[in-house]
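>>> Sharing a sequence plus its predicted fold:
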Amino acid sequence: MTETPGDDPDETRENPVVPAAPAPGPVPPPPGETLALHYSAISDVGRVRKDNQDSGYAGPWLLTVCDGVGGAARGDIASSTAVSELRNLDVDPGPPGTEGEPSLLDRVTLALHGAHEEIGRLVDADPTINGTSTTATVALFDGRRVGIGHVGDSRAYLFRDNEISQLTTDHTFVQSLIDEGRITEAEARVHPHRNLILKALDGIHEAEPDLFVLELVDGDRLFLCSDGACGVLVDGRLADILSMGTPDYAAVELVRASLEAGSSDNVTCIVADVVTAEAAAADPAYAELEPMLVGAAAELKRKLPRGLFRGHRSGDTGELEPVDAEIPDDLPYAVASDPLRPVDPEAVRYAPQPRPRYTWLRRVMALVIVVGILWIGAAAAWSYVQRQYYVGEADGVVVIHHGIDASLPGLDLSEVVVVTTLRVDELEEFDQDMVREGIPVDDLAEARDRVEELSAKRMPADETGS
């Protein structure tokens, strides 16, 4: 019998074909095992703003952060309206893939469009809030996965195996510059237009959210925040904080760190740990969890007792009285009209600018000012002309002119005031050229003296031929 390679179990092949090892990645829970979220949410007005335009919600099936945009156009209304619509998602979706049930992303999409339309209805009913809008970052949980929906510059992060990854991409002007390689992440943090967002829920423009699904594993930590946090804290600092403590601890510490880093915006942070359902059932802290509504959506007043979040590092989250600041007169009316509102770059950028009043009067006044300036300039020029004299030529004889040797279309700037008997051709050639070009003098007396000097130097009659 002829042996073929491989018949001998002791035979070693020189170049065996080894299947490629699968790339490392998250290990999904065993079939049938479900996960749960242990969450915490905090929103702080910050150290500059007088009101909170962020809204947030955390529940067993839903995490969402909305950052209102609009300044005086009441961004708090937009964010709270969006969260009020989105929180309807916080219901048990049933086992993943339940037949006849909408998918995670379908539910997220419908909810975002519903929030978008509700904001539009509010604007139609109250034109004074025209221009309001909000960002929205949504994480909808089904026991094994989260469906992410995202519009604007709020963010969602995943902290897994001591590494942080940004799940969402900002819909901002500076992000487009980063994508094109024109600026770096560090430069984006200090760019003058870093708060200019390109997408938002506003009830007017079509809402086009980013949508994707993420598989979760036991030990993951989800983090959602407004740009008041991610705009000042780099990924390394976020990872450092997310690596510590409970969701309550991490959320408080993230808010505090953002304020200490100089955030001038509202700060909203939601932290959620992914645990097994068995571990959650055995944890008394999880049993006490209730849905958390924070920020503008909760209609919290600033009369809350100080030290509300006191618990570590012996301090609160930085919820301080707003800093008084004078507002420049050249800010948009919608911002400058409130003398109690401190200067806020984001409010300035997004505040609607109403149609200026008394436009015709402003134009008339501007025209009057321009005409006045021109009249003053013309009067000054005419006064100067009236003080000037020069010696020149007219009809072959030396004359004295009052004014300057120039003219404008339809206007002579000089006139002859003295006609002498001295002929130009009686002068030496050099003096003839000077007279024809005009000899400027300070006054009439000096002009007469120059004529006398020229007369004294004239050529003899036999040389002139006269």
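Received it, and whenever you're ready, just let me know what you need. Numbering: from 1, shown residues only.
>>> Show me where the stretch 201-350 of the chain dips below the pLDDT cut-off.
Scanning the stretch 201-350 of the chain for pLDDT under 70 picks out 299-350.
>>> per-domain residue ranges of the chain.
Here the domain parsing of the chain from automatic domain parsing is 35-350, 387-464.
>>> Next one: Ser455 from Val419, what distance?
Using C-beta to C-beta, to the nearest Å, Ser455 is found at 14 Å from Val419. Bear in mind the C-beta positions are built from the backbone N, C-alpha and C, glycine included.
>>> try Asp170
Distance check for Asp170 against Val419: by C-beta to C-beta, it reads 84 Å.
>>> and those two? which has more neighbours close in?
Asp170 (25 against 12; other C-beta atoms under 10 Å).
>>> The more buried one should be in a helix, yeah?
No: assessed with DSSP: H, G, I helix; E, B strand; the rest coil, Asp170 is coil; it does not lie in a helix.
>>> Spatially nearest residue to it (excluding sequence neighbours)?
Closest residue to Asp170 apart from its sequence neighbours, by C-beta to C-beta, 6 or more residues apart in numbering: Asp153 at 4.4 Å.
>>> From Ile197, how far off is the one you found?
The gap separating Asp153 from Ile197 is 5 Å, by C-beta to C-beta.
>>> again, but for Tyr384
Counting by C-beta to C-beta, the gap from Tyr384 to Ile197 is 57 Å.
>>> do Gly149 as well
In terms of C-beta to C-beta, Gly149 sits 16 Å off from Ile197.
>>> repeat for Ala277
In this view, Ala277 and Ile197 are 38 Å apart by C-beta to C-beta.
>>> Neighbour count: the two, which is higher?
Ranked by neighbour count (other C-beta under 10 Å), Ala277 and Ile197 place Ile197 first, with 25 against 15.
>>> so that one bridges to which residues?
Beta-bridge pairing for Ile197 (DSSP bridges): Thr172.
>>> what residues are up against Asp124?
Gly203 (C-beta atoms under 8 Å, 6 or more residues apart in numbering).
>>> and Arg362, which of the three is it?
helix.
>>> And the pLDDT at it?
Model confidence at Arg362, expressed as pLDDT, equals 78.
>>> Pull the number of nearby residues for it.
11.
>>> same deal with the one 5 residues further on?
Leu367 is flanked by 10 other residues according to other C-beta under 10 Å.
>>> and the gap between it and Cys269?
Distance, Leu367 to Cys269, using C-beta to C-beta: 55 Å.
>>> swap in Thr132?
23 Å.
>>> Of those two, which one has the most company?
Between Thr132 and Cys269, counted using other C-beta under 10 Å, Cys269 has the larger neighbour count: 33 against 30.
>>> Output the contacting helices and strands for whichever strand or helix holds that one.
Assigned by DSSP states H and E, Cys269 falls within strand 267-276. Packing partners of strand 267-276 (3 or more C-beta pairs under 8 Å, 6 or more residues apart in numbering; DSSP states H and E): strand 35-44, strand 54-58, strand 62-69, strand 221-225, helix 227-230, helix 247-260.
>>> closest one to Ile178 among those?
Ile178 sits nearest to helix 227-230 of all those, at 13.8 Å, using C-beta to C-beta.
>>> okay, that closest one in CSV with CA atoms only?
Provided in CSV are the C-alpha atoms of helix 227-230 (Å, rounded to 0.1, in the frame of the first residue of the first chain):
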residue,chain,number,x,y,z
ASP,A,227,-19.6,68.8,26.0
GLY,A,228,-19.1,70.6,29.3
ALA,A,229,-17.2,67.5,30.4
CYS,A,230,-15.6,66.0,27.2
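>>> which stretches of the stretch 351-466 of the chain aren't confidently modelled?
Along the stretch 351-466 of the chain, segments meeting pLDDT under 70 span 351-359, 410, 459-466.
>>> could you redo the last one with a cut-off of 50?
Scanning the stretch 351-466 of the chain for pLDDT under 50 picks out 351-355, 466.
>>> can you map out the helices along it?
Under the criterion DSSP state H, counting those that start in this stretch, the stretch 351-466 of the chain contains helices at 359-386, 429-437, 444-456, 461-464.
>>> what comes up buried for the third one?
Residues of helix 444-456 classed as buried by neighbour count (16 or more other C-beta atoms under 10 Å): 447-448, 450-451, 454.
>>> same question for stretch 80-89, mean pLDDT?
96.
>>> Can you give me the separation between the nearest residue to Ala277 once chain neighbours are set aside and Gln175?
Using C-beta to C-beta, 6+ apart and skipping residues adjacent in sequence, the residue nearest Ala277 is Thr34, 4.5 Å away. In this view, Thr34 and Gln175 are 36 Å apart by C-beta to C-beta.
>>> Looking at these two, which one has more neighbours?
The neighbour comparison of Thr34 against Gln175 (other C-beta under 10 Å) goes to Gln175, with 19 against 14.
>>> My guess is the more buried one contacts Ala188. True?
Yes: using C-beta atoms under 8 Å, Gln175 is in contact with Ala188, at 7.3 Å.
>>> how far away is Ala285 from Thr268?
Going from Ala285 to Thr268 by C-beta to C-beta gives 22 Å.
>>> who's more crowded, those two?
Shown here are Ala285 and Thr268; by other C-beta under 10 Å, Thr268 has more neighbours (32 against 11).
>>> so the more buried one touches Cys230, yeah?
No: counting by C-beta under 8 Å, Thr268 sits too far from Cys230 to count as a contact (10.7 Å).
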